[in-house]
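[1] Curious how this folds, go ahead:
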Amino acid sequence: MKKISIDIPHFYCLEYKEDEKRLIVEIDFREPEIWISKSLIQHWEPPFQSVLITEQEKEEIYTNIKQFLLERYPARAILESGREKGDSDGYNA
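    So this is what the prediction gives:
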């Protein structure tokens, strides 16, 4: 089973760890809404930068991050990047 941890080291990014691998997702936590997208999940940090993140893995990582954000920020809107702010496809707690 994978060991997963998620942390917010700065107001402009999220750190996702899976076993020994780590990736940084650029998310601006200063805004009232939190905008996320699978396209923000790009690559593992060194020394795992050459390990490909498959679409299935991106989906799993995205789901884990979304769940973390919903639990950590229940009063804030979690919205998918690329959508209009008024769209109903956001995730509100």
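[2] where in the chain is pLDDT low?
    Low-confidence segments of the chain (pLDDT under 70): 82-93.
[3] residue nearest the centroid of it?
    Ranked by distance to the mean C-alpha position of the chain (CA atoms, centre = their mean), the top residue is I65 at 4.2 Å.
[4] distance of that one from P47?
    Computed as CB to CB, to the nearest Å, the I65 to P47 distance reads 23 Å. Using the backbone N, CA and C atoms, a C-beta is placed for each residue, glycine as well.
[5] circling back to that earlier point, confirm for me that the residue nearest to the centre of the chain is in contact with D7.
    No - counting by CB atoms under 8 Å, D7 is not a contact partner of I65; they are 11.3 Å apart.
[6] Need the residues touching each of those two.
    With contacts defined as CB atoms under 8 Å, 6 or more residues apart in numbering, the residues shared by I65 and D7 are L14.
[7] where along the protein do the strands fall?
    Here the chain has its strands, by DSSP state E, at 4-10, 13-18, 21-26, 34-36, 77-80, 91-92.
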